[in-house]
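Student: Quick one, what's the 3D model for this:
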Amino acid sequence: MSRGAVADDAPRPSVEVVYATAAEQRIVRLEHEPGLTAGEAARRSGLFQHCAEAANGRVLLGVYGVPVDEHHVLEPGDRVEICRPLLADPRVRRREAVARGRVRIAS
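Tutor: Numbering: from 1, shown residues only. Prediction:
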């Protein structure tokens, strides 16, 4: 190979799209393109078909745990998370568990 040439098998910039339930985790890697948005990456991944909440528009998107809207422009290496809405507020659930005596409070 001549000096300055790029190998054809060089890794291309990509993004990951992730959807997880208690039973399984699905990860799809997509090639990054300039201007690729979180919403477009989620749609291209095909993971919405496994997400019942997507049918009624109740999904949230995040990049590394930070909520983003579907128009958020991705950088190479970003990880888009398709999030399901919480069934209950974790703070309320913890208070209920404490009230039932199921959680010890350190003193």
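Student: Which elements pack onto the top helix by length along the chain?
Tutor: In the chain, with assignment by DSSP state H, the single longest helix is helix 90-99. Applying 3 or more CB pairs under 8 Å, 6 or more residues apart in numbering; DSSP states H and E, one finds that helix 90-99 makes contact with no other helix or strand. Where you see a C-beta, it was placed from the backbone N, CA and C, and this is true even at glycine.
Student: for this protein, what helix or strand is lowest in average pLDDT?
Tutor: helix 52-55 (a mean of 66; mean pLDDT, DSSP states H and E).
Student: Direction included, what does the helix or strand just after it pair against?
Tutor: Downstream of helix 52-55, the first helix or strand assigned by DSSP states H and E is strand 60-63. Next to strand 60-63 in the sheet, as set by DSSP bridges, lie strand 66-68 (antiparallel), strand 79-83 (antiparallel).
Student: For Ala20, which of these is the nearest?
Tutor: Of all the strands paired with strand 60-63, it is strand 79-83 that lies closest to Ala20, at 8.1 Å by CB to CB.
Student: Which positions within that closest one qualify as buried?
Tutor: 80-83 (16 or more other CB atoms under 10 Å).
Student: Tell me the one of those nearest Pro34?
Tutor: Using CB to CB, the buried residues of strand 79-83 come closest to Pro34 at Val80, 16.1 Å.
Student: contacting residues around the closest one?
Tutor: 15-18, 38, 41-42, 45, 61-63, 74 (CB atoms under 8 Å, 6 or more residues apart in numbering).
Student: and Ser14, how far is that from Ala88?
Tutor: Relative to Ala88, Ser14 is positioned 35 Å away (CB to CB, to the nearest Å).
Student: next one: Ala22
Tutor: 15 Å.
Student: rewinding a little: which one of the buried residues of strand 79-83 sits closest to Val92?
Tutor: Cys83 (18.8 Å).
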